[in-house]
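S.K.: model this:
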Amino acid sequence: EFKGLPFKIENFAKQIQLKQNSYDIKIREVLSQVLNNSYKHVHKGQKLQQNLIDINKSNTFTITTGHQLNLFLGPAYFFYKIIHVIAICDRLVKEYPKYNFVPVFWMASEDHDYEEIKSTSIFGKKLTWETDQIGCVGDFCFDSQLQEIVKQFKALFQNSNKSDIYNLIDSYQGNTLSEATFNFLNALFGEKGLVVLDPNNKKLKRLSKNIFIKELTEMPLFKLVNKTNKKLIESGLKTQAFVREINLFFIENGTQRTRIIKEDNLYKVGEKKYTKKEILEIVENSPECFSPNVLLRPLYQELILPNLCYIGGEAENKYWMQLKSSFDANGIIYPILGKRKSILYLNKSIAKKINKIGLPLEAFFLNETQILEEFLLQNNSNINWEFVDASFSAYKEIISNAYKKLDTSLISSLNAEFKKITKSHEAIKKRINKENKNRYTVVKSNIQKVKSSFFPDDSFQERSLHFFNFCAEGDLQLLTLLNEKIEPFNESLLIVNE
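M.R.: Numbering: from 1, shown residues only. From the prediction side, this is the model:
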């Protein structure tokens with residue numbers, strides 16, 4: 001009711017037929033034109049060239065992921081999403097050789113949340129691009145402040161043993177943030193055939209004109225999503241995104257992105273107001289002025305792409321679940337939803353500490369106190385001295401009673417022996433407690449270091465650190481390793497050792 005087919009390789013045969021029967025050949029032609037035009041002056045490897053040719057063929061389908069335009073692509077999971085969709089395509093080609101499968105990255109170039117994309121963290125440093133630009137972040141000018149951040153980012157690798165990343169950073173250039181992101185993605189993943197799509201395009205928007213008109217005049221998304229939200233809540237599930245009466249923004253002056261609000265049969269955009277006739281004329285003549293929000297964007301995406309599957313994070317997939325009925329109502333095929341691959345990188349130092357502590361990897365997802373308790377339990381170090389002392393007292397009492405029955409004159413000598421034994425007992429306790437304390441201090445320190453590696457800044461590693469944080473040598477061997485190790489249809493956590 002809330003999803004399409006499950007994310008299993010055998011379900012792609014049916015998904016291919018569903019998409020093939022519904023995808024408009026005219027849309028494919030426009031998409032092909034737009035993509036080939038965007039790559040006209042860009043270096044293209046053999047695989048990418050072939051994908052750009054294949055995209056215009058009726059037996060070609062896409063596997064898509066997307067993200068905001070974070071600084072230098074942002075946290076590691078941005079990279080993992082792309083590696084995942086590439087791996088899915090490689091696997092599908094083997095399973096369904098009659099078809100072509102193209103990995104696509106959908107740039108969220110129209111997003112206007114600058115605060116979420118302005119920083120990146122690497123090697124313990126936080127680099128932040130400060131700018132007073134507003135509107136769609138993809139249209140932000142590549143200003144002098146960003147050029148300075150690029151220099152700082154590049155300087156982090158100037159003394160690395162390898163120069164791969166140092167040289168690669170030069171590709172992070174362009175007139176706008178969208179251009180820089182496009183070029184950087186192409187430099188990183190172009191050889192693997194990744195196709196990067198900027199949806200902020202007049203020709204593509206024109207294809208979605210009917211969706212925009214319907215959203216402005218009938219507000220179907222508001223009605224359908226609210227019904228679905230109710231069913232989700234009744235099923236014990238949570239809703240992710242807030243649906244509005246009109247789920248479109250208006251892009252003014254080519255940059256500023258303003259929400260459209262309907263008031264008294266007029267359409268309010270900031271301080272301006274439009275009649276129904278006026279706003280529909282704008283849709284007809286300038287569809288690029290309209291920008292779908294988080295809930296309308298998936299319909300726009302699946303209308304223009306010959307897409308079979310979308311790979312997203314947990315939060316993304318939750319808002320997709322709010323949209324199944326809206327897809328059905330618009331006659332757009334709902335994609336297979338896959339959860340992006342989650343990856344944990346262990347450097348040699350952390351792996352050594354984990355091995356020394358001797359606990360299974362999953363134990364380190366507990367809090368520090370629980371991990372320490374687990375360690376003490378497994379190493380029999382958590383001695384219950386209250387029980388030991390009580391047992392020792394009971395032992396002395398049994399022996400004393402036995403002596404009393406034999407010869408009361410022996411009690412004084414027995415007490416003298418007990419005094420010696422008690423002294424030895426206390427010395428043993430003290431020695432064990434001291435050793436435990438020393439060991440406890442070392443283990444506790446190691447646990448803290450492992451936890452800090454897994455959850456820097458109290459957020460899972462892949463959400464906090466830039467991918468290059470794990471490439472301290474300055475090369476991209478980790479990309480090659482992940483391409484080899486990733487199992488695209490295995491949703492369990494992938495552990496990668498240095």
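
S.K.: would you mind finding the longest helix in the chain?
M.R.: Ranked by number of residues, the top helix in the chain under DSSP state H is helix 411-454.

S.K.: name the next helix or strand downstream of it, please.
M.R.: Next helix or strand after helix 411-454 toward the C-terminus (DSSP states H and E): helix 461-464.

S.K.: how far off centre is that following helix?
M.R.: Here the centre of helix 461-464 is set off from its chain's centre by 8 Å, with Cα atoms, centre = their mean, to the nearest Å.

S.K.: just the CA atoms of it, as PDB, please.
M.R.: Extracted in PDB, the C-alpha atoms of helix 461-464 (Å, rounded to 0.1, in the frame of the first residue of the first chain):
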ATOM      1  CA  GLN A 461      30.900   8.200  11.000                       C
ATOM      2  CA  GLU A 462      29.400   8.200   7.400                       C
ATOM      3  CA  ARG A 463      27.200  11.200   8.300                       C
ATOM      4  CA  SER A 464      29.900  13.300  10.000                       C
END
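
S.K.: can you give me the strands in the stretch 201-350 of the chain?
M.R.: 248-252, 256-263, 266-269, 272-274, 290-292, 307-312, 336-339, 343-346 (DSSP state E, counting those that start in this stretch).

S.K.: list the contacts of Trp106.
M.R.: By Cβ atoms under 8 Å, 6 or more residues apart in numbering, the residues touching Trp106 are 64-66, 197, 199, 301. Heads up, the C-betas are built off the backbone N, CA and C, glycines and all.

S.K.: identify the farthest-apart pair in those residues.
M.R.: Greatest spatial distance among those (Cβ to Cβ): Thr65 and Pro199, at 13.5 Å.

S.K.: out of the contacts of Trp106, who has the most neighbours?
M.R.: Greatest neighbour count in these, by other Cβ atoms under 10 Å, goes to Thr65: 26 neighbours.

S.K.: A strand includes that one, no?
M.R.: Yes: counting by DSSP: H, G, I helix; E, B strand; the rest coil, Thr65 is found in a strand.

S.K.: so it is in contact with Arg340, correct?
M.R.: Yes: using Cβ atoms under 8 Å, Thr65 is in contact with Arg340, at 6.9 Å.

S.K.: please identify every residue contacting each of the two.
M.R.: With Cβ under 8 Å, 6+ apart as the test, Thr65 and Arg340 both reach 81, 84, 311-312.

S.K.: could you dump these into JSON lines with distance to Val496 added?
M.R.: Shown next, in JSON lines, are the shared contacts of Thr65 and Arg340 (distance: Cβ to Cβ, whole Å):
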{"residue": "Lys81", "distance to Val496": "16"}
{"residue": "His84", "distance to Val496": "14"}
{"residue": "Ile311", "distance to Val496": "19"}
{"residue": "Gly312", "distance to Val496": "21"}
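
S.K.: farthest pair in those?
M.R.: Farthest pair in those (Cβ to Cβ) is His84 and Gly312. Separation: 10.2 Å.

S.K.: tell me which of those two has more neighbours.
M.R.: Applying other Cβ under 10 Å to His84 and Gly312 shows that His84 carries more neighbours, namely 25 against 20.

S.K.: and that one, what helix or strand is that in?
M.R.: His84 belongs to helix 76-95, assigned by DSSP H and E.

S.K.: tell me how far that helix is from the chain's mean position?
M.R.: 14 Å.

S.K.: now do that helix and strand 307-312, the angle between them.
M.R.: 150 degrees (axes from the mean of the first three to the mean of the last three Cα atoms, to 10 degrees).

S.K.: strands paired with the next helix or strand after helix 76-95, and their directions?
M.R.: For helix 76-95, the following helix or strand on the C-terminal side (DSSP H and E) is strand 100-107. Partners of strand 100-107 in the sheet, by DSSP bridges, are strand 60-67 (parallel), strand 195-197 (parallel).
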